[in-house]
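Peer 1: my questions concern the predicted model and sequence given below.
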Amino acid sequence: MTAIQHLRLKVYSARRRGRLIGIAGDRESLLRLCNIKRHQSRLWTIESVEQLVGVIQGKVFDWNEGAAKPPRWKLNWLCPDCKQKQWGDWSSDVPNPCLWYSECRCIDKWQISWEVKHPPYIEASFEP
């Protein structure tokens, strides 16, 4: 029996010259995520298809917290079935919830609602 909660939703994907670049839960987020401009539209293919995705909670952490290095914000989550830890690069323009590819075999994509462990100060300059 699976512990993964499922949701059927429309997944938008963007390809540039045939290569998959990104996914999102709506067209506008996809255009922002992939930085697609109107004058470049002939290079891109945008598709949408209804899919079953896993629903999960994630946390955003600074992987360099406490180190004399610039912040490395990562979105982290755990598959409830296989317990595989998964993560991805995070920035303040990532929508909440967001769609993310899965790295385990339990499900293809996740819809992740996330919270930040500490408020990110991404715009702040770094001085060691």
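Peer 2: Right, received. Where do you want to start?
Peer 1: buried stuff in the longest strand anywhere in the chain?
Peer 2: When the chain is parsed with DSSP state E, its longest strand is strand 44-62. Within strand 44-62, the residues scored as buried using 16 or more other CB atoms under 10 Å are 44, 51, 53-54, 56, 58-62. C-beta here means a position set from N, CA and C on the backbone, and glycine is covered the same way.
Peer 1: closest to residue 31 out of those?
Peer 2: residue 44 (9.1 Å; CB to CB).
Peer 1: who does the closest one form a beta bridge with?
Peer 2: residue 16 (DSSP bridges).
Peer 1: check contacts around it.
Peer 2: 14-16, 34, 36 (CB atoms under 8 Å, 6 or more residues apart in numbering).
Peer 1: separate out the buried members of those.
Peer 2: 14, 34, 36.
Peer 1: so who does residue 56 touch?
Peer 2: 4-5, 77-80, 110-113.
Peer 1: so which of those residues sit within strands?
Peer 2: 5, 77-78, 110-113.
Peer 1: in TSV: those residues, plus pLDDT and neighbour count.
Peer 2: As requested, the ones in strands among the contacts of residue 56 are exported to TSV (pLDDT from 0 to 100; neighbours: other CB atoms under 10 Å):
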residue	pLDDT	neighbour count
5	95	11
77	95	21
78	94	16
110	97	26
111	97	18
112	96	23
113	96	13
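Peer 1: for the residues you listed, which one is nearest residue 99?
Peer 2: For these, the nearest to residue 99 is residue 111 (5.8 Å; CB to CB).
Peer 1: ok, what's across the strand from that closest one?
Peer 2: If you apply DSSP bridges, the partners that residue 111 bridges to are residue 55, residue 99.
Peer 1: wait, isn't it in contact with residue 101?
Peer 2: No - with contact defined as CB atoms under 8 Å, residue 111 does not reach residue 101; the gap is 11.6 Å.
Peer 1: next up, the contacts around the closest residue to residue 78 other than its chain neighbours.
Peer 2: Among residues not flanking residue 78 along the chain, residue 85 sits closest, at 5.6 Å (CB to CB, 6 or more residues apart in numbering). Listed by CB under 8 Å, 6+ apart, the contact partners of residue 85 are 76-78.
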